[in-house]
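[1] this one's sequence-less:
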């Protein structure tokens, strides 16, 4: 058994063990307990629902790896979606040409990047705690969005946008394809780029990273700017999926993005983590949500379970870490 575990860790990494075990457990439990869980309808539903949560989790991932957090991701995504919606409305709404959608996407990306850059500058140059800065940004974005929309939503977009949220290419959902491309980009960024190395160094030890010659301020600004860009991509997907934009959409996703990151082996204090285990963890959580829906669980109960699951995950990781330390001392 020990040899099997060692081979698995060598092939996939030790941080992949938790998500894989959780995946097997969810498939077994709901496969037996819920009717039609192991069906193409369930997996198709997961494939279309996963991307928006997944993109927001990617937006959360980079700040977490630096030892920070971004509490404003959902409102940054919604405000980016609003920027795109206003551009489309200004160019005819449902009759807007394809060129207007291009400008709408650019407006969304610029909005997301700007919110992330402002957050990064505040964190990098004031050394204020990321929780306080991103909480302030969350409140600001929410208030700004509600002021501009008067608490309502913006809807009525061209029909050619709908396939981005609902369409398929050779049977493969377009939003899932976009999400997988973003996962690949984040994987390359963390594994192959200087920025990936730098942000992990910052997460491990900010002072050591600074004295080793890294421009920690520049890295932090880039990290939160990229986080904002990923929020914008999520906002565009949500606009296409729901054919409307509302400031408060997806507020419950915030907790789940943090849960997915921790279930995927991300160190809550920064400095260590990979994208692929987080990707598996997202699939697990989406399958869990679908299984609960099939069993008729109340949505509020499901939300409560996310909180309980986060506590369980953190407790399990702490116990596993203490056990490894004990075994090393014993050896």
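    Looks like it came in fine. Here the structure is a predicted model, which is why all the values come from computation and not from measurement. Numbers count the residues shown, from 1 in each chain.

[2] In contact with residue 110, which residues?
    With contact set as C-beta atoms under 8 Å, 6 or more residues apart in numbering, residue 110 has these partners: 83, 232. Every C-beta, even on glycine, is put in place using the N, C-alpha and C of the backbone.

[3] Going forward, count from 30.
    Shifting the count to begin at 30 puts that one at residue 139.

[4] what comes up buried for the helix or strand in which it is found?
    Per DSSP states H and E: residue 139 is located in helix 127-155. Going by neighbour count (16 or more other C-beta atoms under 10 Å), the buried part of helix 127-155 is 129-130, 132-134, 136-138, 140-153.

[5] just stretch 163-183 next, same as before
    163, 166, 167, 169, 170, 171, 174, 178, 183.

[6] Which of those residues fall in strands?
    Members of these lying in strands (criterion: DSSP state E): residue 183.

[7] could you say what helices and strands the longest helix along the chain packs with?
    In the chain, taking DSSP state H as the definition, the longest helix is helix 328-359. For helix 328-359, the packing partners by 3 or more C-beta pairs under 8 Å, 6 or more residues apart in numbering; DSSP states H and E come out as helix 46-62, helix 282-292, helix 304-323.

[8] Save the ones you listed as TSV, and put in mean pLDDT, mean neighbour count and distance to residue 273 too.
    Shown next, in TSV, are the helices and strands packed on helix 328-359 (pLDDT from 0 to 100; neighbours: other C-beta atoms under 10 Å; distance: least, C-beta to C-beta, whole Å):
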stretch	mean pLDDT	mean neighbour count	distance to residue 273
helix 46-62	85	15	31
helix 282-292	89	23	17
helix 304-323	89	21	22
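
[9] Relative to residue 227, which of the ones you listed is closest?
    Residue 227 lies closest to helix 304-323 among the helices and strands packed on helix 328-359, at 16.6 Å (C-beta to C-beta).

[10] now for that closest one, which elements pack on it?
    helix 46-62, helix 69-94, helix 203-221, helix 282-292, helix 328-359.
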